[in-house]
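[1] Got a predicted structure plus its sequence, pasted below:
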Amino acid sequence: MKDYPILKGCGTALFTPFKKDGSVDYDTFAANIDRQVEAGIHFLVPLGTTGETPALSTEERIEILKIAKAHSKGRPVVVGGGTNNVPETLAAMQALEPFGPDVFLIVVPYYNKPPQEGIYQYFKAVAASTRKPILIYNVPGRTGSNIEAATALRLAKDIPNIIGIKEASSRREQILADIDGAPEGFSVLSGNDDETAPLMKAGASGVISVASNVAPKQMVQLTEAFLAKDFAKADAIDASLKDLYKNLFIESNPIPGKAAMAQLGLMQNVLRLPLVPASAETENLIAGTLKGLEL
């Protein structure tokens, strides 16, 4: 697939840190990327769902992308740019494209509930608008729409710059069909930390992870062990992270994750409405989870 990056291993779905006054904390964002790079992360994913992107202005998104590129040290930067209609998605991509995204992460259109042919035509139109590669993001729990394996593979085979899919549907048979039918260079990435192990054993390329915000070193080691087919090592690391996977989603993402990062002193526990900080119960649960990790 031309010179497009092949996404594999662990990419971090980055949190967007805010200051107490609600403004974006760009210095903390840069420091957290430096922490990711030091841990050996394989690629970076700013401006996704985990980054509270719907609550960010275009100017803030551009600055976040510029910082991610400046601190990535050559790692691919995969940038969220999808909406639920073609004109707004193209406008979002065109605003970001001059600042060097390596890949656009485009979500299956939400709320509209399009048929499979509509999903196919949507991604075809989006991909035709850019020379940048496109990574499909399937998360029906948030969007209300699912891209079936037949549609994803049709796009993979028909559209050269559609290079992979982030699969967060938890539909095992569908994801396995994506893996089995993927053409060369098409990455199937887990969109859920707790599904990384079974999917990588089945041939998935890696994961776009929330847990790696908190535990980047462990998630890098996990995915590298799976890629090397060192399943004993990978399974041991996976087992040690099970509570983290679960508890980071005890409330809506990224609420528990930001609580964890604040407890580690890595950012302030500030979110933008309509999201609010974690409950006291969740804070206590996260504190107990972190005690069991070597971070």
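    Okay, I see it.

[2] so where's this protein shaky on pLDDT?
    1-2 (pLDDT under 70).

[3] can you give me the strands in it?
    With DSSP state E as the criterion, the chain has strands at 9-13, 43-45, 78-80, 103-107, 134-138, 162-167, 187-190, 206-209.

[4] looking at these, which is closest to Ser252?
    Minimum separation from Ser252 across the strands of the chain (CB to CB) falls at strand 9-13, 13.9 Å. Yep, even glycine has a C-beta here, placed from its N, CA and C like the rest.

[5] contacting residues around that closest one?
    For strand 9-13, the external contacting residues (CB atoms under 8 Å, 6 or more residues apart in numbering) are 36, 41-45, 48-51, 76, 78, 189, 205-210, 212-213, 216, 219-220, 222-224, 227.

[6] Export the strands of the chain to CSV and append columns for distance to Pro256.
    Shown next, in CSV, are the strands of the chain (distance: least, CB to CB, whole Å):
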stretch, distance to Pro256
strand 9-13, 14
strand 43-45, 18
strand 78-80, 20
strand 103-107, 22
strand 134-138, 21
strand 162-167, 20
strand 187-190, 19
strand 206-209, 14
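
[7] Let me know which of those is the nearest to Ile119.
    Across these (criterion: CB to CB), the nearest stretch is strand 134-138, sitting at 9.1 Å.

[8] what's next to that closest one, contact-wise?
    7, 48, 78, 80, 82, 103-108, 123, 126-127, 146-147, 152, 155, 159, 161-169, 187, 189, 191.

[9] Narrow the contacts of strand 9-13 to just the buried residues.
    Buried by 16 or more other CB atoms under 10 Å: 36, 41-45, 48-51, 76, 78, 189, 205-210, 212-213, 216, 219-220, 222-224, out of these.

[10] ok, Lys132 - how many residues close by?
    By other CB atoms under 10 Å, the residues close to Lys132 number 19.

[11] Out of the strands of the chain, which is closest to Phe29?
    strand 43-45 (10.9 Å).

[12] Which elements pack onto that closest one?
    strand 9-13, strand 78-80 (3 or more CB pairs under 8 Å, 6 or more residues apart in numbering; DSSP states H and E).

[13] How far away from the center of its chain is that strand?
    Relative to the mean C-alpha coordinate of its chain, strand 43-45 is positioned 7 Å out (CA atoms, centre = their mean, to the nearest Å).

[14] What of stretch 4-21?
    7 Å.

[15] Please name whichever of the strands of the chain is nearest to Ser23.
    strand 78-80 (20.2 Å).

[16] so what strands line up beside the closest one?
    Strand 78-80 has its sheet partners listed here by DSSP bridges as strand 103-107 (parallel).

[17] Pull out the buried residues from the strand it pairs with.
    Quick answer for strand 103-107 (16+ other CB under 10 Å): Val103, Phe104, Leu105, Ile106, Val107.

[18] wait, what's in contact with Phe231?
    Lys201, Ala225.

[19] now with 7 Å?
    Lys201 (CB atoms under 7 Å, 6 or more residues apart in numbering).

[20] next one: Asp102
    Asp102 neighbours (CB under 7 Å, 6+ apart): Pro5, Pro76, Val77, Val78.

[21] Please name the nearest non-neighbouring residue to it.
    Pro76 (4.2 Å; CB to CB, 6 or more residues apart in numbering).

[22] same deal with Lys73?
    Val37 (5.2 Å).

[23] same deal with Ala39?
    According to CB to CB, 6+ apart, the nearest residue to Ala39 is Pro216 (3.6 Å).

[24] separation between that neighbour and Ser205?
    18 Å (CB to CB, to the nearest Å).

[25] Name whatever forms a beta bridge with Ser209.
    Residues in beta-bridge contact with Ser209 (DSSP bridges): Thr12.

[26] any idea how far it lies from Ile41?
    9 Å.

[27] Repeat that for Ser187.
    16 Å.

[28] between the buried residues of strand 103-107, which is closest to Asp238?
    When those are ranked by distance to Asp238 (CB to CB), Leu105 comes first, at 24.4 Å.

[29] how deep is Pro276 tucked in, by neighbour count?
    To be clear, residue 276 is Val; Pro isn't right here. 11.

[30] Quick one: residues contacting the closest residue to it other than its chain neighbours.
    Spatially, and ignoring its direct neighbours in sequence, Val276 is nearest to Ile255 (7.4 Å; CB to CB, 6+ apart). Each residue near Ile255 by CB under 7 Å, 6+ apart is listed here: Leu271, Leu275, Pro277, Ala278.

[31] With adjacent residues omitted, what lies nearest to the third one?
    Right, the one you point to is Pro277. Asn269 (5.3 Å).
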